[in-house]
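>>> Have a look at this fold, sequence not included:
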Ligand SMILES: [Zn+2]
């Protein structure tokens with residue numbers, strides 16, 4: 001029977017003391033094809049009764065398919081009908097569905113109830129048609145304690161005191177929308193508010209923390225103005241809430257009109273929040289606001305096109321940042337954190353295409369990854385570069401206008417952009433979106449031209465690298481001369497004279513360039529004529545060849561030493577430090593270590609040890625990395641500096657600059673284990689999650705095995721939130737003294753950690769695998785493969801394949817560079 005939900009009228013009577021609720025919903029359905037049963041999605045709910053058109057109906061639950069099947073007892077023809085379902089549910093301690101999050105207030109343990117329905121967890125809160133294509137309107141009501149605040153996607157319509165200490169809160173009807181962006185929140189929230197035009201804006205947090213939402217509130221006003229102008233379409237709801245949630249699986253979630261965030265990705269503590277955290281908060285907020293259009297107003301038809309949501313939000317967030325913070329040089333950051341991150345995952349044969357087959361909604365949680373966000377986002381930047389900014393924007397405006405409140409597939413977007421531009425994009429985009437992997441373009445200089453060829457780039461070739469792409473190239477042949485050229489076949493030749501050859505100016509293309517010795521030397525000698533993105537690209541592409549064991553690590557170190565001694569750009573310098581640190585940690589290589597110290601020192605000479613207000617967030621990252629490298633290398637001057645800073649901080653906490661806090665806490669513990677206890681005390685009393693995370697990181701930087709073991713034990717206590725476990729594993733993985741301990745700890749505690757997975761909670765477990773197995777599993781592959789199998793890694797099949805492939809890549813790298 002084919003049905004379409006039109007409206008859900010839902011009332012939840014919520015008991016936050018016992019973590020339960022009783023629900024009743026009246027679903028208005030449009031029966032499109034006649035039949036005798038209605039199937040809804042429902043998981044873990046206790047269904048009390050079902051009435052169909054006012055008459056009691058039979059029903060049964062199929063738990064393994066998460067279905068509620070209603071038997072109508074007769075054939076029902078196309079019409080609009082009402083189904084009334086009474087049910088009850090639990091507010092569980094996990095990170096998906098309608099769940100609870102704990103916090104302390106004046107020594108008292110308190111809870112909020114909050115929801116995370118993406119991808120397929122609305123069904124665990126109420127019976128529904130839980131797929132993005134089933135858009136409907138929602139009328140929500142809560143019965144809650146009168147002292148609590150209730151939040152959903154829309155404004156409160158009316159409140160009625162029920163006399164028993166409870167109140168009924170009715171919310172306005174939502175626009176037509178998908179179930180995964182619905183929101184339920186109940187608790188003692190505090191808020192600050194403002195207005196953008198007629199839209200009520202609030203930031204909410206557990207009471208007492210709301211004052212730290214001012215930055216996000218101000219930023220949201222600017223960002224909404226930017227998106228409304230860019231998309232040529234107004235934000236459609238009369239209110240927008242930004243909600244800080246203490247326990248949260250992802251970074252943030254774009255519930256329409258009620259966006260939820262990890263606390264440390266929303267709240268800004270003046271004097272304590274670093275510039276790089278501030279940049280991250282702005283980026284995450286912009287990303288979620290972009291979803292109000294891309295995802296919420298226009299939604300993918302099915303999860304296979306998840307990238308239509310995530311790639312666009314990733315890309316559009318940076319466009320907003322460029323407008324609001326032009327001084328941040330944000331597209332250079334994009335090249336590092338989006339292009340390079342997308343390529344790293346896509347270089348594995350266990351990667352997946354941007355548009356990926358998804359049969360069951362339960363498979364979706366795994367594809368919230370670097371392909372859906374970063375590769376997709378990079379391909380959009382390439383597309384914008386190809387059609388031009390104006391045509392790209394016109395195409396998007398048309399797309400939003402044409403498909404508002406509806407669902408789309410990728411070709412709907414291609415058609416709109418192609419209509420707005422004078423070039424054809426379909427076949428070139430289809431290859432990048434539907435085909436796994438990305439190309440490596442090989443460049444050979446000839447006397448009268450440039451020979452170009454392509455093959456799929458893989459860290460480890462599996463014999464399946466015959467794929468081809470249509471690659472639109474802009475070839476720079478001297479300082480300013482640009483030639484347009486399309487490499488469509490495996491090989492081609494471009495007749496041209498040249499002084500230098502740069503085939504990926506500003507790294508707009510999603511491919512790596514393998515230059516021959518002559519062209520690489522020409523580029524190296526002319527670095528000053530290249531942009532910082534070009535210089536980053538040169539280091540990155542060479543690094544990829546090193547990781548693929550096609551080029552020895554020495555070659556990359558030589559290249560950096562030979563050509564980058566005059567480098568002054570903080571983005572390029574920090575990237576160089578990361579890569580040298582990577583070589584050093586993978587290969588324990590003395591020479592790269594020496595160059596790492598030189599470049600760290602040079603970087604600090606350039607930007608200074610003490611941050612100044614006018615510096616960019618990237619300079620903050622550069623300083624932190626340089627100080628960390630020198631500290632781990634036991635540089636005596638840095639040790640003196642860090643010790644002085646930490647001692648001064650213990651006397652007067654306000655003496656330590658926000659941008660230095662994290663790195664000084666970690667250095668203090670590394671240099672003197674007696675600081676460990678002090679840092680642990682500070683952690684316990686810290687009021688912000690950002691500060692707690694910095695102190696938790698420092699607890700991972702001891703050189704004393706006993707202290708490190710304490711950190712691991714501590715991380716499983718109530719003091720450390722499950723959502724921060726990934727941070728612990730990541731930081732210990734980077735501490736050269738901790739690496740043996742961590743992998744064993746993960747194995748010993750996996751069963752326990754695994755219990756907290758499911759829905760977005762699985763993201764945390766994925767991170768634990770990604771941070772531990774590829775590096776710490778070197779030499780232990782078979783044992784680990786045996787362990788991470790079957791039910792132990794349910795819902796993480798692709799992640800497991802990826803981390804073990806990456807482990808193989810690393811093992812070969814060590815072998816290849818050992819002689
Ligand atoms: Zn998103």
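Received the coordinates, thanks. Keep in mind it's a predicted model, so treat the numbers as computed, not measured.
>>> What mean pLDDT does the helix or strand encompassing residue 75 get?
In this assignment (DSSP states H and E), residue 75 forms part of strand 67-76. In this model, strand 67-76 has a mean pLDDT of 95.
>>> Which secondary structure elements does that strand sit against?
If you count contacts as 3 or more C-beta pairs under 8 Å, 6 or more residues apart in numbering; DSSP states H and E, strand 67-76 packs onto strand 35-41, strand 46-52, strand 58-62. Any C-beta I mention is one placed from the backbone N, CA and C, and that applies to glycine too.
>>> Which residue would be the closest one in the stretch 51-200 of the chain to the ion?
Using C-beta to the ion, the closest approach of the stretch 51-200 of the chain to the ion is made by residue 118 at 8.8 Å.
>>> for the closest residue to that residue other than its chain neighbours, what are its contacts?
Using C-beta to C-beta, 6 or more residues apart in numbering and skipping residues adjacent in sequence, the residue nearest residue 118 is residue 180, 4.2 Å away. Counting by C-beta atoms under 8 Å, 6 or more residues apart in numbering, residue 180 touches 117, 118, 119, 120, 122, 130, 132.
>>> Make sure I have this right: residue 180 is in a helix.
Yes. Assigned with DSSP: H, G, I helix; E, B strand; the rest coil, residue 180 falls within a helix.
>>> so what pLDDT did it get?
Here the pLDDT value assigned to residue 180 is 98.
>>> try residue 364
pLDDT recorded at residue 364 is 88.
>>> Could you give the number of residues near it?
Counted with other C-beta atoms under 10 Å, residues neighbouring residue 364 total 22.
>>> now do the one 4 residues further on
Residues within reach of residue 368, counting by other C-beta under 10 Å, total 19.
>>> how much space is there between it and residue 183?
According to C-beta to C-beta, to the nearest Å, residue 368 stands 18 Å off from residue 183.
>>> What residues does the stretch 201-350 of the chain have near the ion?
The stretch 201-350 of the chain comes close to the ion at residues 310, 313, as judged by C-beta under 5 Å from the ion.
>>> so where's the stretch 201-350 of the chain shaky on pLDDT?
Across the stretch 201-350 of the chain, nothing is flagged by pLDDT under 70.
>>> same deal with the stretch 701-819 of the chain?
Scanning the stretch 701-819 of the chain for pLDDT under 70 picks out no residues.
>>> if we go to 80?
The model of the stretch 701-819 of the chain has pLDDT under 80 over residues 758-760, 819.
>>> Residue in the stretch 701-819 of the chain with the shortest distance to the ion?
Closest to the ion within the stretch 701-819 of the chain is residue 760: 11.9 Å, counting by C-beta to the ion.
>>> Count the residues that sit near the nearest residue to that residue once chain neighbours are set aside.
Once flanking residues are discounted, residue 760 sits nearest to residue 249: 3.1 Å by C-beta to C-beta, 6+ apart. As a burial measure, residue 249 scores 26 neighbours (other C-beta under 10 Å).
>>> In a strand, residue 249, correct?
No. Under three-state DSSP, residue 249 sits outside any strand and is assigned coil.
>>> and it, what does it touch?
Residue 249 makes contact with 95, 96, 116, 723, 759, 760, 761, 762, 763, 764, according to C-beta under 8 Å, 6+ apart.
>>> again, only this time at 10 Å
With contacts defined as C-beta atoms under 10 Å, 6 or more residues apart in numbering, residue 249 is in contact with 94-96, 99, 116, 118, 262, 365, 368, 722-723, 756-764.
>>> out of the residues you listed, which are inside helices?
Here DSSP state H is the test, and these give 761, 762, 763, 764 as lying in helices.
>>> my guess is the second one meets residue 756, correct?
Yes. Counting by C-beta atoms under 10 Å, residue 762 does reach residue 756; the two are 9.4 Å apart.
>>> Now the common contact residues for these two.
Common contact partners of residue 762 and residue 756 (C-beta under 10 Å, 6+ apart): 95, 249.
>>> neighbour-wise, which of the two wins?
For residue 762 versus residue 756, neighbours defined as other C-beta under 10 Å are more numerous around residue 762 (24 against 17).
>>> where does the stretch 501-650 of the chain have low pLDDT?
Under the criterion pLDDT under 80, no range of the stretch 501-650 of the chain is flagged.
>>> Show me the helices in it, by range?
Using DSSP state H, counting those that start in this stretch, the helices of the stretch 501-650 of the chain run over 517-525, 532-547, 553-563, 570-587, 590-607, 617-632, 636-651.
>>> Kindly list the main-chain dihedrals of the residue of the stretch 551-700 of the chain found nearest the ion?
The minimum distance from the stretch 551-700 of the chain to the ion, using C-beta to the ion, falls at residue 689 (20.3 Å). Per-residue torsions, residue 689: phi -70, psi -30 (degrees, to the nearest 10).
>>> How about the one 3 residues further on?
Dihedral angles phi and psi of residue 692 (degrees, to the nearest 10) take the values phi -60, psi -40.
>>> Tell me the secondary structure at residue 18.
Under three-state DSSP, residue 18 falls in the coil class.
>>> That one and residue 89, how far apart?
According to C-beta to C-beta, residue 18 stands 12 Å off from residue 89.
>>> do the same with residue 449
Look at residue 449 and residue 89: by C-beta to C-beta, they are 68 Å apart.
>>> who's in contact with residue 222?
By C-beta under 10 Å, 6+ apart, the contact set of residue 222 is 196, 282, 286, 320, 323, 324, 325.
>>> and residue 698, what does it touch?
Counting by C-beta under 10 Å, 6+ apart, residue 698 touches 646, 661-670, 675-676, 678-680, 682-683, 711, 731.
>>> residues near the residue in the stretch 451-600 of the chain that the ion sits nearest to, how many?
Ranked by C-beta to the ion, the top residue of the stretch 451-600 of the chain for proximity to the ion is residue 510, at 19.7 Å. The local packing of residue 510 (other C-beta under 10 Å) involves 24 other residues.
>>> ok, so what distance separates it from residue 627?
Distance, residue 510 to residue 627, by C-beta to C-beta: 34 Å.
>>> Residue 32 too?
Going from residue 32 to residue 627 by C-beta to C-beta gives 64 Å.
>>> Could you do residue 383 as well?
39 Å.
>>> and what of residue 654?
20 Å.
>>> Between those two, which has more neighbouring residues?
residue 627 (25 against 8).
>>> can you pull the contacts of the residue in the chain that the ion sits nearest to?
Closest to the ion within the chain is residue 313: 4.3 Å, counting by C-beta to the ion. The contact partners of residue 313, taken as C-beta under 10 Å, 6+ apart, are 254, 284, 286-295, 373, 376-377.
>>> and with 8 Å instead?
Residue 313 makes contacts with 254, 287, 288, 290, 291, 294, 295, as judged by C-beta under 8 Å, 6+ apart.
>>> what about it, which SS state?
What three-state DSSP gives for residue 313 is helix.
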